[in-house]
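>>> my questions concern the predicted model and sequence given below.
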Amino acid sequence: MRTSFCIALLAMTSIQGASPRPQMLPTIASCRHDANAVEADRNRRAQALTLAKAITTAQANVVRRTREYHPVASLGNLPPVPSGFSLKLFADRDDYVFALKDTLDPCRYAIFSDSGGLLYEKSARTAPVIAQ
């Protein structure tokens, strides 16, 4: 069986012939929030985490007072959204969810949370799904 596999592999290689130029795999840009992150990106990430913590704290405070969650505009004095990040926050009476996404990161790093109050952060695992 192994011999047959080796012969088939050798035959396929010789049929295709030598390629005049080696095929190059597409270069994937480096993630901005991995172990090789530069200081500027580490600072932007720290600012985004500070904003995320401020949002969860503000939502906890407002829900204790009013018994409902609020949109970002009515949460008071929050830190600014860091350069290159986008903030989306959706809130209704009973729940909220937000995402801070780094629009500059090819790996699509994001921080997100909801009314559970836990912060999550990660980069996307695969390419985005495009609706048809």
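Great, that's in hand. Numbers count the residues shown, from 1 in each chain.
>>> give me the number of residues near the residue lying closest to K53 once chain neighbours are set aside?
The spatial neighbour of K53 that comes closest, neighbours along the chain excluded (Cβ to Cβ, 6 or more residues apart in numbering), is L119 at 6.9 Å. (C-beta placed from N, C-alpha, C; glycine too.) Using other Cβ atoms under 10 Å, L119 is surrounded by 14 other residues.
>>> ok, now P71?
11.
>>> any low-confidence regions in the protein?
Counting by pLDDT under 70, the chain shows low-confidence ranges at 1-29, 125-132.
>>> for it, just list every one of the helices.
All helices of the chain, identified by DSSP state H, fall at 2-16, 39-66.
>>> sort out which residues of stretch 82-102 are buried, please.
P82, F85, L87, L89, A91, Y96, F98, A99, L100, K101, D102 (16 or more other Cβ atoms under 10 Å).
>>> what's the closest residue to the first one other than its chain neighbours in contact with, if anything?
Taking Cβ to Cβ, 6+ apart as the measure, P82 lies nearest to Q47, with 4.0 Å between them; neighbours along the chain are not counted. Listed by Cβ atoms under 8 Å, 6 or more residues apart in numbering, the contact set of Q47 reads P79, P80, P82.
>>> can you redo the residues you listed as a markdown table with distance to C107?
Listed next are these as a markdown table, based on distance: Cβ to Cβ, whole Å:
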| residue | distance to C107 |
| --- | --- |
| P79 | 24 |
| P80 | 23 |
| P82 | 17 |
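>>> narrow these to those in strands?
Judged by DSSP state E, the subset of the contacts of Q47 located in strands is empty.
>>> ok, the most centrally placed residue in the chain - contacts?
Taking Cα atoms, centre = their mean, the centroid of the chain lies closest to Y109, which sits 2.5 Å from it. Y109 makes contacts with C31, R32, H33, R45, K101, D102, E121, K122, S123, as judged by Cβ under 8 Å, 6+ apart.
>>> residues near the third one, how many?
By the criterion of other Cβ under 10 Å, H33 has 21 neighbours.
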